[in-house]
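S.K.: coords please:
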Amino acid sequence: MACFLLAMSVAIITTAFRKKVPAKYHINWLNMLLWGGVLGLSLEHVAHQEIVPYFPFLSAMGTAADTTMMLQEIATIGTAMLVACVSIWIVMLIVASRFDVGSKASAQ
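M.R.: So this is what the prediction gives:
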């Protein structure tokens, strides 16, 4: 229903502060992972009419019970999506640092 909102919140923050993050952390990689996931899930939710062009914009906010279920989904699925994106980003950083170290050692 709205599981992408957690990743979108983090993506907004990392995008806003990307210039303050050292280049070695490749924050743009994380941003691409997060924004890609947000875009993909947003399109899927529009296709399934979970995001609608009229108020309240999220069909899950129609009743209190639906809103509770939506918040649980954000807490579970949204957190899992965020953890997956950050984990992939960390693996990418580790691999990139190993290749950088290897190329510097072989160049000398």
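S.K.: which residues touch V10?
M.R.: Remark: with contacts taken as C-beta atoms under 8 Å, 6 or more residues apart in numbering, V10 is in contact with 34, 82. Bear in mind the C-beta positions are built from the backbone N, C-alpha and C, glycine included.
S.K.: report pLDDT for it.
M.R.: We have a pLDDT of 97 for V10.
S.K.: what do you get for S106?
M.R.: The predicted structure lists S106 with a pLDDT of 45.
S.K.: surely T79 and F4 touch.
M.R.: No. Applying C-beta atoms under 8 Å as the test, T79 and F4 come out as separate, 11.9 Å apart.
S.K.: count of neighbours near L58?
M.R.: When counting by other C-beta atoms under 10 Å, one arrives at 17 neighbours for L58.
S.K.: er, I88 I mean
M.R.: Once other C-beta under 10 Å is used to define contacts, I88 is seen to have 13 neighbours.
S.K.: ditto for G78
M.R.: When counting by other C-beta under 10 Å, one arrives at 22 neighbours for G78.
S.K.: look up how far I12 lies from it.
M.R.: Using C-beta to C-beta, to the nearest Å, G78 is found at 14 Å from I12.
S.K.: okay, which residue is most central for this protein?
M.R.: L34 (2.8 Å; C-alpha atoms, centre = their mean).
S.K.: residues in contact with that one?
M.R.: Contacts for L34 were tallied using C-beta under 8 Å, 6+ apart; they are 7-8, 10-11, 14, 82, 85.
S.K.: restricted to helices, list these.
M.R.: When helices are assigned by DSSP state H, the members of the contacts of L34 inside them are 7-8, 10-11, 14, 82, 85.
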